[in-house]
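A.B. asks: below is the sequence, then the predicted model.
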Amino acid sequence: MRGRVRTIVQWAVVLGGAGVMLWQLPALARETNDLGAELAQLRWGWVGAAVVLGIGALVVYGELHRRLLAAGGALLPVSTIQAINFSQNALSTTLPAVGNAAGFVYATYQLRKRHVEVALAAWSLVLAGTVATITLIVLGLLGLGWAGKVPVLVAVGLAAGVALGSWLCWGVVTRPSVLHRFLRALTWLARRFPGVCRTCRRSWANDPDATARRISERIRLLRPNGLQWLVITALAVLSWLLDYLSLTTSVAALGPPVPWSTLVVGFLVVQGSIALQVFPGGAGLAEAGLLGVLTASGVPVAPALASVLVYRLINWLGLAALGWMVYAVQIHLAPLHEHQHAPAFASTGPGTPRRPARRRWMT
């Protein structure tokens, strides 16, 4: 039932976006000749600022992920995390249907190559995305309240409720008993996936409780302290702020005066379109939504369309292209993956030296 509702909502949004485009089509046809003139008047200083801000937003998100890994005891170079981050973004925003899953699997596998345990790698990726999403919701509610789109008290109350509810959920999830039950079910499913190492699959089948316990104990290490949470939250806020500023500078590059409150709504529409995952990177829906917001605020169609084009070229296709280049380089630079079966060391008997267990090398 939930999947059916999600599908209905997604296609309702698709039809809504198509309706916006059809509604704008006559005006677009009249203004097409003016679009080239608008783009010819680009203020390249603002375009450069939009590029720097867009890249900066993605870099800050990568640093957020690195801080989470560090909180779990996995210390990796900044360059390594950023390379994985840019490549994951390219996969997630350009591959149809499986983009997010492909990006997640890729990032997890790359972290495993750097000797980060699978549980910590996967959990850090999930937690980074969750923190970013919750932060966007809170900032979006506060922004809408500040812009006067919703009553301020309502916006503040909802934002506080989301923040408090998230914190309570974190406390529940990190309880060993709850986490163990969840991971036991996850282990039962994972051992049935094709492509999993047969030796590991047999160990999961023989004692899933021990496997779940081992994973839960590792995940429990990823519990940032108060200062770490403060830094991680600040990075999430900064990432979204830079992305929003990239939108404002993209619009400023064309010159039409647009109220910041309108751009807040447009930014949230774009991010919502991306989150729906109907098309890669919110293609079509994000452009139609942002165009509708800009034209509804009184911006002429030609400069509005040019602004949408500049912003999406930078923050979607541009970042994706950069990520694919990093991905291509990583193919040749990434280290070989050393796969070890648990336990990592075996003993031949009392008093004998411990020797490494048999290893399998994978690329």
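C.D. replies: Happy to help now that I have it. Residues are numbered from 1 along each chain as shown.

A.B. asks: for Pro303, see how far away the residue nearest to Val51 when sequence neighbours are not counted is.
C.D. replies: Once flanking residues are discounted, Val51 sits nearest to Ile314: 5.5 Å by CB to CB, 6 or more residues apart in numbering. C-beta coordinates here come from the backbone N, C-alpha and C atoms, glycine included. Ile314 sits 17 Å away from Pro303, going by CB to CB, to the nearest Å.

A.B. asks: quick one: least confident helix or strand in the chain?
C.D. replies: strand 359-362 (a mean of 32; mean pLDDT, DSSP states H and E).

A.B. asks: hang on, the earlier thing: and the residue nearest to Val51, its phi and psi?
C.D. replies: phi -80, psi -50 (degrees, to the nearest 10).

A.B. asks: Lys149 now?
C.D. replies: Torsion angles, degrees, to the nearest 10, at Lys149: phi -80, psi -30.

A.B. asks: re earlier: and the residue nearest to Val51, how far from Asp243?
C.D. replies: Ile314 is 10 Å from Asp243, by CB to CB.

A.B. asks: what sits in contact with each of the two?
C.D. replies: Counting by CB atoms under 8 Å, 6 or more residues apart in numbering, the residues touching both Ile314 and Asp243 are Gly54.

A.B. asks: helix or strand next in line after the helix or strand hosting Thr249, which one?
C.D. replies: Assessed by DSSP states H and E, Thr249 sits inside helix 226-252. Heading C-terminal from helix 226-252, the first helix or strand you meet, by DSSP H and E, is helix 260-276.

A.B. asks: tilt between that following helix and helix 226-252?
C.D. replies: Interaxial angle, helix 260-276 versus helix 226-252 (axes from the mean of the first three to the mean of the last three CA atoms, to 10 degrees): 110 degrees.

A.B. asks: hey, where'd the helices end up in this structure?
C.D. replies: 2-40, 44-71, 78-94, 99-113, 118-146, 152-173, 176-190, 198-206, 208-219, 226-252, 260-276, 285-296, 301-312, 319-333 (DSSP state H).

A.B. asks: of the ones you listed, which stretch is the most buried?
C.D. replies: helix 301-312 (a mean of 24; mean count of other CB atoms under 10 Å).

A.B. asks: what about that one, average pLDDT?
C.D. replies: Taken as a whole, helix 301-312 has an average pLDDT of 86.

A.B. asks: what residues are up against the closest residue in space to Pro151 that isn't next to it in sequence?
C.D. replies: Among residues not flanking Pro151 along the chain, Gly145 sits closest, at 7.0 Å (CB to CB, 6+ apart). Counting by CB under 8 Å, 6+ apart, Gly145 makes contact with Pro151, Val152, Val154, Ala155, Val156, Ala159.

A.B. asks: excluding covalently adjacent residues, which one is nearest to the fifth one?
C.D. replies: Spatial nearest neighbour of Val156, excluding adjacent residues (CB to CB, 6+ apart): Gly145 at 6.2 Å.

A.B. asks: then Ala252?
C.D. replies: Ala252's closest residue in space is Trp46 (CB to CB, 6+ apart), at 4.7 Å.

A.B. asks: any stretches of this protein with poor pLDDT?
C.D. replies: 1-35, 37-38, 97, 173, 176-219, 221, 331-363 (pLDDT under 70).

A.B. asks: could you redo the last one with a cut-off of 80?
C.D. replies: 1-42, 95-99, 171-222, 255-256, 277-283, 329-363 (pLDDT under 80).

A.B. asks: chain neighbours aside, what residue packs nearest to Arg312?
C.D. replies: Glu287 (5.9 Å).

A.B. asks: hmm, Val308 and that neighbour touching each other?
C.D. replies: Yes - under the contact definition of CB atoms under 8 Å, Glu287 touches Val308, with a separation of 5.3 Å.

A.B. asks: Trp229 and Ile137, how far apart?
C.D. replies: From Trp229 over to Ile137 (counting by CB to CB), the distance is 17 Å.

A.B. asks: ugh, wrong one, I meant Leu294
C.D. replies: With CB to CB as the criterion, Leu294 and Ile137 are 23 Å apart.

A.B. asks: same check on Glu287?
C.D. replies: 23 Å.

A.B. asks: over to Ala160?
C.D. replies: In terms of CB to CB, Ala160 sits 12 Å off from Ile137.

A.B. asks: what does Leu313 give?
C.D. replies: Relative to Ile137, and taking CB to CB, Leu313 is found at 27 Å.

A.B. asks: and the gap between the closest residue to Gly281 other than its chain neighbours and Ala147?
C.D. replies: In space, and not counting its chain neighbours, Gly281 is closest to Thr93: 3.8 Å by CB to CB, 6+ apart. Going from Thr93 to Ala147 by CB to CB gives 27 Å.

A.B. asks: likewise Val98?
C.D. replies: 36 Å.

A.B. asks: so those two - more neighbours on which side?
C.D. replies: Ala147 (17 against 13; other CB atoms under 10 Å).

A.B. asks: now do the same contact list for the more buried one.
C.D. replies: Taking CB under 8 Å, 6+ apart as the test, what Ala147 contacts is Trp260, Ser261, Val264, Val265.
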